[in-house]
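>>> Provided below are the primary sequence and the corresponding predicted coordinates.
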Amino acid sequence: MSAVLLQDPPTLDALLPATDGAAARLLAGTPFAAGAEQFDEHRERLGRRPRGGEWMFDVLERSGLRGRGGAWFSTSRKWRGAARAAAGHGAVVVVNASEGEPLSAKDKTLVEHRPHLVIDGALLAAETVGADEVVIYLSRPSRAATRALYQALRARRRAGLRDIPVRLMHTAHRYVAGESSAVVRRANGGPAKPGFAPPHPLESGIGGRPTLVQNAETIAHAALIARYGDSWFRERGTDEAPGTALVTLCGNVRYPGVYEIDLGATLEAVLAGAGGTLSPPAGLLVGGYFGSWLAADNLAGIRLTPGAVTCGCGVIGVLGADACGLTEAASIAAYLANESAGQCGPCVYGLRAIAETMTRLAASDADQGDLVRLQRWTAMVAGRGACHHPDGAINNAVSALDAFPHDLLRHVTGQPCAGRHRPSLPPPPKQPWRASWR
Amino acid sequence: MSERVRDPAPRLRINPILCDGVGYCAEIAPELISLDDWGYPIVPRGVIIDAAVLRHAAKAVAICPRSALALSTEPERT
């Protein structure tokens, strides 16, 4: 079951209903079982795409759209920055659908089922910031999305559209491969590892040109905002976090998959939209591997907005009733330590030490001294990498220690833990001994 | 370069990718730089105002065999 979620985005009909019965936006149109939306269907449903230009900046700013890759950076500011840097010479727009987060399937799902919406948004962005090339960045295992994109581009050529050229670029599936400076390094022929700023990709990216790296979901939202305007976008969501968002639900829910929710929706409503939980959950992981653990008694009234809970890339992993959050967190810590790009000492050695201690803790093989060391190391390593990989990994580990004090006590005092052998989240993918970075 | 060092509010900036944990910087400017449990330098985030400390910081920058350390007046990245 879990493998299905990781390799291919789930294609259940349960994917479609947005919460509260409100209409879907990004995922509207042909049912999911039909596969990718065809060009004529797309045209019929949404009409022609308006041409991008300066007018988009203000519309985007009023819409309040923020980057959906996890950083929630203001999209209008990013586009303006790219346009400013591009003055005079051509920029590059990169649609980032690499989705290194193992629990997330939203970008793959979106690209696979709505390729034309994503291409529309990319072309709009390119016309707006003054780019003469569009690159769609995918991780190599997402074959269905790749196929959908090639078909979509072929259909557009056949329809006689003369747009800015779009090309596809693939990368090894690594956790940090989607970080914007890693995208640029990969495109320039290097490994998909983060670089050290400055220069920022917005100023000097692919081939030294200004490069706008934007998450695929954000790009698709922009394509809809260009058509329907900013007040339409704000009809959903809250004032601070307007619009809808794609989330991936996994673990202890009846229908795991990708859903479109209103930002600011309560956790209960989102879970109910996925058919509810199968048993009362012991806890939740919100925001994926870089996200935070929440204890079960702490869930009432929590709303999914970037302000209240860091929803990050929109993953909600639900634990089973008898699962052990610490054990899950330990296997995630081990995975993330292995996914370090191996460039910065604090990340390489610090995350490894933290992960080893977490693993011993999960095996009820740790003592008080290990807890002290965990505290010391998590404070010591945070903020000292070239990218935010160590920070995200530490956030996950620290929040697990905070959220599950009862489990922690049981593990430190060497009592048996029933949940240890009952993982409820899909396990982290297997890592080859020496995996590629290209 | 000397222009930047003389600037009123410089801060030490480390490039963690270049840094190999040689540790000379922590020996030369122990009042500024300490080493973590794995021998990699921990560089303070704030600006350096003290002139004597600034001299030591400049020495630490100069001696780094990996050129990973720099005195910079640019605002800190978030």
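Cool, got the structure. Numbers count the residues shown, from 1 in each chain, chains lettered A, B, ... in the order given.
>>> For stretch A:375-395, give me every contacting residue.
Identification of contacts with stretch A:375-395 by Cβ atoms under 8 Å, 6 or more residues apart in numbering or on different chains yields A:175-176, A:179, A:181-182, A:194-197, A:289-292, A:332-333, A:336-337, A:339-341, A:343-344, A:346-347, A:350-351, A:353-354, A:357, A:397-398, B:15-17, B:36-37, B:40, B:42. For the C-beta atoms, the positions are set from N, CA and C on the backbone; glycine is no exception.
>>> tally of neighbours for the closest residue to A:Ala155 other than its chain neighbours?
Of all residues not flanking A:Ala155 in the chain, A:Phe39 sits nearest, at 4.0 Å (Cβ to Cβ, 6 or more residues apart in numbering or on different chains). By other Cβ atoms under 10 Å in any protein chain shown, the residues close to A:Phe39 number 20.
>>> A:Phe39 and chain B, how far apart?
41 Å (Cβ to the nearest Cβ, to the nearest Å).
>>> A:Thr171 now?
The value you get for A:Thr171 to chain B, if Cβ to the nearest Cβ is used, is 19 Å.
>>> could you point out which element follows the helix or strand A:Asp391 falls within?
A:Asp391 is part of helix A:389-403, with elements assigned from DSSP states H and E. From helix A:389-403 onward toward the C-terminus, using DSSP H and E, the following helix or strand is helix A:405-412.
>>> And the contacts of that next one?
A:324-326, A:361-362, A:364, A:366-368, A:371, A:401, A:416-417, A:419.
>>> Of those residues, which belong to helices?
A:325-326, A:361-362, A:368, A:371, A:401 (DSSP state H).
>>> Now pLDDT and distance to chain B too, for these, in CSV please.
Below are the ones in helices among the contacts of helix A:405-412 laid out as CSV (pLDDT from 0 to 100; distance: Cβ to the nearest Cβ, whole Å):
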residue, pLDDT, distance to chain B
A:Gly325, 93, 26
A:Leu326, 94, 23
A:Leu361, 94, 18
A:Ala362, 93, 22
A:Gln368, 90, 18
A:Leu371, 94, 16
A:Leu401, 95, 19
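>>> excluding its backbone neighbours, what's nearest A:Ala97?
In this structure, A:Ala97 finds its nearest non-sequential neighbour in A:Ala216, 4.0 Å apart by Cβ to Cβ, 6+ apart.
>>> which residues does the one you found contact?
A:95-97, A:107, A:110-111, A:118, A:136.
>>> Looking at those, which are in strands?
Counting by DSSP state E, the part of those found in strands is A:95-97, A:136.
>>> which stretches of chain B form helices?
Using DSSP H, helices in chain B cover B:2-6, B:24-28, B:51-63.
>>> looking at those, which is buried most?
helix B:24-28 (a mean of 19; mean count of other Cβ atoms under 10 Å in any protein chain shown).
>>> Quick check: mean pLDDT of that one?
Averaging pLDDT along helix B:24-28 gives 95.
>>> go on, stretch A:296-315?
The model assigns stretch A:296-315 a mean pLDDT of 77.
>>> Flag every buried residue along that stretch.
Buried residues in stretch A:296-315, counted by 16 or more other Cβ atoms under 10 Å in any protein chain shown: A:296, A:299, A:302-306, A:309-315.
>>> what's the distance between A:Leu161 and chain B?
On the measure of Cβ to the nearest Cβ, A:Leu161 and chain B end up 40 Å apart.
>>> three-state assignment of that residue?
Here A:Leu161 is coil, with the state taken from DSSP: H, G, I helix; E, B strand; the rest coil.
>>> OK, contacts around the residue nearest to A:Ala155?
A:116, A:152, A:155-156, A:159 are the contacts of A:Phe39 under Cβ under 8 Å, 6+ apart.
>>> now do 10 Å
A:115-116, A:119, A:151-156, A:158-159, A:161 (Cβ atoms under 10 Å, 6 or more residues apart in numbering or on different chains).
>>> Grab the nearest non-local neighbour of the residue sitting nearest the centre point of chain B.
Residue closest to the mean C-alpha point of chain B, counted by Cα atoms, centre = their mean, is B:Leu12 at 3.7 Å. Nearest non-adjacent residue to B:Leu12, counting by Cβ to Cβ, 6+ apart: B:Val43, 4.9 Å away.
>>> Tell me, how many residues neighbour the one you found?
For B:Val43, the count of nearby residues is 22 (other Cβ under 10 Å).
>>> That one: what's it in contact with?
With Cβ under 10 Å, 6+ apart, B:Val43 has these contacts: A:384, B:11-14, B:16, B:19, B:25-26, B:29, B:32-34, B:57, B:60, B:68-69.
>>> What helix or strand is A:Gly52 located in?
Using DSSP H and E, A:Gly52 falls within no helix or strand.
>>> Check the burial of A:Gly90 by counting its neighbours.
A:Gly90 has 15 nearby residues by other Cβ under 10 Å.
>>> Find the nearest non-adjacent residue to it, please.
Per Cβ to Cβ, 6+ apart, closest to A:Gly90 is A:Asp132, 3.8 Å.
>>> you'd agree that neighbour is in a strand?
Yes - according to three-state DSSP, A:Asp132 belongs to a strand.
>>> could you measure A:Pro50 against chain B, distance?
34 Å.
>>> Which secondary structure state does that residue sit in?
A:Pro50 ends up coil, using three-state DSSP.
>>> contacting residues for it?
Here A:Pro50 is in contact with A:56, A:59, A:120, A:124, A:127, A:223, A:226-227 (criterion: Cβ under 10 Å, 6+ apart).
>>> Can you add neighbour count and give the residues you listed back as JSON lines?
Shown next, in JSON lines, are the contacts of A:Pro50 (neighbours: other Cβ atoms under 10 Å in any protein chain shown):
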{"residue": "A:Met56", "neighbour count": "25"}
{"residue": "A:Val59", "neighbour count": "20"}
{"residue": "A:Asp120", "neighbour count": "26"}
{"residue": "A:Leu124", "neighbour count": "24"}
{"residue": "A:Glu127", "neighbour count": "20"}
{"residue": "A:Ala223", "neighbour count": "25"}
{"residue": "A:Ala226", "neighbour count": "25"}
{"residue": "A:Arg227", "neighbour count": "15"}
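>>> what does chain B put close to chain A?
B:13-21, B:36-43, B:45, B:68, B:72, B:74, B:77-78 (Cβ under 10 Å from any Cβ of the partner chain).
>>> how about 8 Å then?
Residues of chain B lying close to chain A (Cβ under 8 Å from any Cβ of the partner chain) are B:15-21, B:36-40, B:42, B:74, B:77.
>>> quick one: which of those residues sit in strands?
Short answer: those in strands (DSSP E) are B:Ile42.
>>> sorry, back to before: are any of the contacts of B:Val43 buried, and which?
By 16+ other Cβ under 10 Å, those give A:384, B:11-14, B:16, B:19, B:25-26, B:29, B:32-33, B:57, B:60, B:68-69 as buried.
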